[in-house]
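K.L.:
What shape does this take:
(one chain, ligands or ions: 2)
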Amino acid sequence: MAKPVSIEVWNPCGKYRVVSTKPMPGTRWIDLLVQQDCRVEICTQKKTILSVEDIIALIGDKCDGVIGQLTEDWGETLFSALSRAGGRAFSNMAVGYNNVDVNAANKYGVAVGNTPGVLTETTAELAASLSMAAARRIVEADEFMRAGLYDGWLPHLFVGNLLRGQTVGVIGAGRIGSAYARMMVEGFKMNLIYYDLYQATRLEKFVTAYGQFLKASGEQPVTWKRAASMDEVLREADLISLHPVLDKTTYHLVNKERLSMMKKEAILINCSRGPVIDEVALVAHLKENPMFRVGLDVFEDEPYMKPGLAEMKNAIVVPHIASASKWTREGMATLAALNVLGKIKGYPIWHDPNKVEPFLNENSLPPAASPSIVNAKALGLPVSKL
Ligand SMILES: NC(=O)C1=CN([C@@H]2O[C@H](COP(=O)(O)OP(=O)(O)OC[C@H]3O[C@@H](n4cnc5c(N)ncnc54)[C@H](O)[C@@H]3O)[C@@H](O)[C@H]2O)C=CC1
Ligand SMILES: O=C(O)C(=O)CO
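P.N.:
Ligands and ions are numbered 1, 2, ... in the order given. Now for the predicted structure:
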């Protein structure tokens, strides 16, 4: 039997009961729900990851919609509990929804929302930060200073990699992968090689135009190549960043064999999902190749690291903070709340989840639509004509 969970309540007399499994940044998301007659209940339990039983207790007997987190296991059990409580709306406060069994949601007629776009640049900036920190060994050097070990400039002290003119490889050139590629191409004049199931036409056009601009300015132009296989990227790139979704096709995409294809001094960045890398194989590879470096925001058994990873000097590890800028996290909360609200109110689905700016303008009311529902088609939900 689950213990009662502590909650904070807004607008107790609201007609629709919306539960958020965590306090979320900002207050706009609460205001928007309250203005539309929602009673908002926020779980304030001091426990980072809620169990399925905790969430069942939160859902209770009557619940119109839930805003949940990527750490939660949204499968058959939770969707049937939500459905029994009369709920037809759920949104992850995240763009990735590998924690959600969409088929189970479909079975119970529950719309599943996510939060694309608002975190694209913020996440790409963290991937770029990890790239630079790994290339220039910033964390190792910082630890060295703080330990009082610095006793003067030396020609060999913390020598790292120059990015300019090198090749950046992107696996998964969707919204975030493309934004990251642009940062590295434009900022460091790196050449691009990418692998994706689809052609990244806008990204290719950008690199072509930037290359022409550099050439016209008398500088070495940058180039791009769409690789026919992921292995081609791994062999050719000096810096590789992973940005695919996590699904059956991307689980352990980077394994022992693929790590061995990479250059000995390559840098690998992962801001997608931990299981995209076989972390045990990665630890072994880091041990055998001290000049190979990684920057990781996500982990296979999050929040845990595989044995040995924490001791590796050639690994930079941060706790899943890629989308953690104030503006982005407040925007994610807003999009998640509006996904749930839209379904409760019977609004249509926004026509383009890549263009969610109208929902984020604090000076105007958001459109009467759900910004991004991933199973809209399966549920036959109408699309906004705006
Ligand atoms: N670390 C963090 O805090 C964050 C992590 N993420 C992760 O990043 C992922 C990507 O987000 P977006 O760029 O917005 O999604 P997106 O859908 O725009 O891009 C994903 C890309 O991966 C490609 N892809 C799918 N399967 C592939 C395969 N087998 N090989 C190569 N490419 C493949 C898709 O074609 C697509 O272009 C999310 O699903 C999420 O898991 C997103 C935001 C923050
Ligand atoms: O949005 C996501 O998928 C995250 O991982 C957190 O921003």
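
K.L.:
list the contacts for Glu72?
P.N.:
Residues near Glu72 by Cβ atoms under 8 Å, 6 or more residues apart in numbering: 21, 49-50, 52, 55, 78, 99. In short, each C-beta sits where N, CA and C put it, glycine included.

K.L.:
same deal with Glu279?
P.N.:
Applying Cβ under 8 Å, 6+ apart, the residues contacting Glu279 are 299-301, 305-306, 309.

K.L.:
Skip the chain neighbours and tell me the closest residue to the residue in the stretch 201-350 of the chain that ligand 2 sits nearest to.
P.N.:
As assessed by Cβ to the nearest ligand atom, ligand 2 sits closest to Ser323 within the stretch 201-350 of the chain, at 3.2 Å. Spatial nearest neighbour of Ser323, chain neighbours left out: Leu119 (4.0 Å); criterion: Cβ to Cβ, 6 or more residues apart in numbering.

K.L.:
for Val95, same thing?
P.N.:
Using Cβ to Cβ, 6+ apart, the nearest residue to Val95 is Pro116, at 4.7 Å.

K.L.:
Quick check, that neighbour in contact with Asp352.
P.N.:
No - using Cβ atoms under 8 Å, Pro116 makes no contact with Asp352, being 9.8 Å away.

K.L.:
Those two: which is more packed in?
P.N.:
Pro116 (23 against 13; other Cβ atoms under 10 Å).

K.L.:
ok, the more buried one to Val18 distance?
P.N.:
For Pro116, the distance to Val18 (Cβ to Cβ, to the nearest Å) stands at 21 Å.

K.L.:
Glu357 too?
P.N.:
Glu357 is 24 Å from Val18, by Cβ to Cβ.

K.L.:
Of these two, which one has the most company?
P.N.:
Neighbours around Glu357 and Val18, counted as other Cβ under 10 Å, are more numerous at Val18. The numbers are 28 against 9.

K.L.:
Need phi/psi at the more buried one.
P.N.:
phi -110, psi 130 (degrees, to the nearest 10).

K.L.:
And the helices in the stretch 51-200 of the chain, which stretches?
P.N.:
52-59, 76-84, 102-107, 120-135, 138-146, 175-188 (DSSP state H, counting those that start in this stretch).

K.L.:
can you redo those helices as TSV with distance to ligand 2?
P.N.:
Below are the helices of the stretch 51-200 of the chain laid out as TSV (distance: least, Cβ to the nearest ligand atom, whole Å):
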stretch	distance to ligand 2
helix 52-59	19
helix 76-84	18
helix 102-107	15
helix 120-135	7
helix 138-146	22
helix 175-188	9
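
K.L.:
So which of those helices is nearest Gly65?
P.N.:
helix 76-84 (8.2 Å; Cβ to Cβ).

K.L.:
C-alpha coordinates for that closest one, PDB please?
P.N.:
Extracted C-alpha coordinates of helix 76-84, given in PDB (Å, rounded to 0.1, in the frame of the first residue of the first chain):
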ATOM      1  CA  GLU A  76      -0.100   0.000 -18.800                       C
ATOM      2  CA  THR A  77      -0.500   0.300 -15.000                       C
ATOM      3  CA  LEU A  78      -0.500   4.100 -14.900                       C
ATOM      4  CA  PHE A  79      -2.500   4.700 -18.100                       C
ATOM      5  CA  SER A  80      -5.200   2.300 -16.900                       C
ATOM      6  CA  ALA A  81      -5.300   4.100 -13.500                       C
ATOM      7  CA  LEU A  82      -5.600   7.400 -15.200                       C
ATOM      8  CA  SER A  83      -8.300   6.100 -17.500                       C
ATOM      9  CA  ARG A  84     -10.200   4.700 -14.500                       C
END
